[in-house]
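K.L.:
Quick one: sequence plus predicted model below, questions after.
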Amino acid sequence: MTNEILEQLKAEYPHAVSLNESMQNHTSFRLGGPAAALAIPNTIAELQGILAFCRQHQLPIFVMGNGSNLIVRDGGIRAVVIKISGALSTVVLTEHGIEAEAGISLSALAHAAVEAGLGGLEFAAGIPGSLGGGVIMNAGAYGGEMKDVVAQVMALDYAGQEQYFDNEQLQFGYRQCYLQGRELIIVKVSLHLKEQDPAISRALIADYNQRRRNKQPLQLPSAGSIFKRPPGHYAGQLIEAAGLKGARIGGAEVSPMHAGFIVNVGNATAKDVEGLIHHVQEVVAAKFGVHLETEARLVGEES
Ligand SMILES: Cc1cc2nc3c(=O)[nH]c(=O)nc-3n(C[C@H](O)[C@H](O)[C@H](O)COP(=O)(O)OP(=O)(O)OC[C@H]3O[C@@H](n4cnc5c(N)ncnc54)[C@H](O)[C@@H]3O)c2cc1C
């Protein structure tokens, strides 16, 4: 992956591609080293063109959505990072619900559904991810999850070919989906939703958002819950019971407000966050014999 090739990619897609782009600007944790190249395709055709370029020049690819579940290491990502967020966000009403491009934010999608008199996505209104990232992670909250509403996904493989998956083929589980770790980019999603009075949906969203504000340190950068819920427990409760609220390494802190969150209290590095994750895992394992598995995805190179 030479600089010359990356310059050529930028020259071919000047509005979509930037080089040596800091991932601090593209992750909710506000940390991480640079992407060798960052591509934000505006159309499916442009995405296919970028994929063809990467294939022709054998460039490695990393796909991201809104970066709200990512910890990018301090050495950055030596790949073409394809970001499906911000752009690729059209929404069309269908007979049974909505078909949307994967780059729309879950919040915008949930509100679009409400305005169309469709219910079922209220749980997602406060989750700061993209639709594609929400599907991959089977994002969920307040008793709802993407599994309940996704009817079909259209993805592109790295050769630019369309691949279709229905709900069953997606094999959803707790923060699990068949598409995780595969060379597939979610581009479009069909959602089955039910008719619902917008006033009811708005009240639900207001209630969920209030509960989030009361419980979660939303004013500080983070990746949300850093650990998955271990069977039979809540990660936050175990971490709090282990006396780890407020524990710090560098600029990374176990939130005193919600022990399930690690927050960036100022200039945290990914190394700080990773160090704190390991510390929490060790202490909780020693005290309670429970292994905490990270929900946030660690990617990229150490510096
Ligand atoms: C304050 C806060 C609150 C949160 N609350 C919740 C919550 O209540 N419930 C919950 O489930 N999560 C929550 N999260 C975590 C996060 O928002 C979700 O996991 C979300 O689904 C991630 O979406 P994203 O677009 O940001 O994905 P990213 O973080 O960009 O990526 C996550 C993974 O998905 C892959 N990916 C993303 N987009 C695509 C695509 N189009 N095609 C293929 N692969 C893709 C990436 O490679 C990566 O492996 C929270 C996060 C924060 C910061």
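P.N.:
Here it is on my side, so go on.
K.L.:
Tell me which helix or strand Leu6 sits in.
P.N.:
Element membership for Leu6 (DSSP states H and E) is helix 3-12.
K.L.:
Within range of the ligand, give me the residues from this protein.
P.N.:
28, 63-70, 84-85, 102, 127-130, 132-134, 136-137, 139-141, 185-186, 218, 222-224, 297 (CB under 6 Å from any ligand atom). To be clear about C-beta, it is placed using only N, CA and C from the backbone, and glycine gets the same treatment.
K.L.:
Ser105: what's it in contact with?
P.N.:
Applying CB atoms under 8 Å, 6 or more residues apart in numbering, we find Ser105 in contact with 66, 85, 89, 128-131.
K.L.:
before we move on, what about Gly260?
P.N.:
By CB under 8 Å, 6+ apart, the contact set of Gly260 is 225-227, 234-236, 239.
K.L.:
Widest-spaced pair of those?
P.N.:
Between any two of the contacts of Gly260, the greatest separation by CB to CB is 12.9 Å, found for Ile226 and Tyr234.
K.L.:
Between those two, tell me which one has more neighbours.
P.N.:
Ile226 (28 against 14; other CB atoms under 10 Å).
K.L.:
Out of the contacts of Gly260, which end up buried?
P.N.:
225-227, 235-236, 239 (16 or more other CB atoms under 10 Å).
K.L.:
Next step: those restricted to strands.
P.N.:
In this view, those that belong to strands under DSSP state E are Ser225.
K.L.:
Show me which positions of the helix or strand hosting Asp272 end up buried.
P.N.:
Assessed by DSSP H and E, Asp272 sits inside helix 270-288. Of all the residues in helix 270-288, those buried under the rule 16+ other CB under 10 Å are 270-274, 276-277, 279-281, 283-284, 288.
K.L.:
what's the answer for stretch 35-42, then?
P.N.:
Judged by neighbour count (16+ other CB under 10 Å), stretch 35-42 contains these buried residues: 35-41.
K.L.:
of all the residues you listed, which comes closest to the ligand?
P.N.:
Distances from the ligand to the buried residues of stretch 35-42, taken as CB to the nearest ligand atom, are shortest for Pro41 (10.7 Å).
K.L.:
That closest one contacts His15, correct?
P.N.:
No: counting by CB atoms under 8 Å, Pro41 does not reach His15; the two are 9.7 Å apart.
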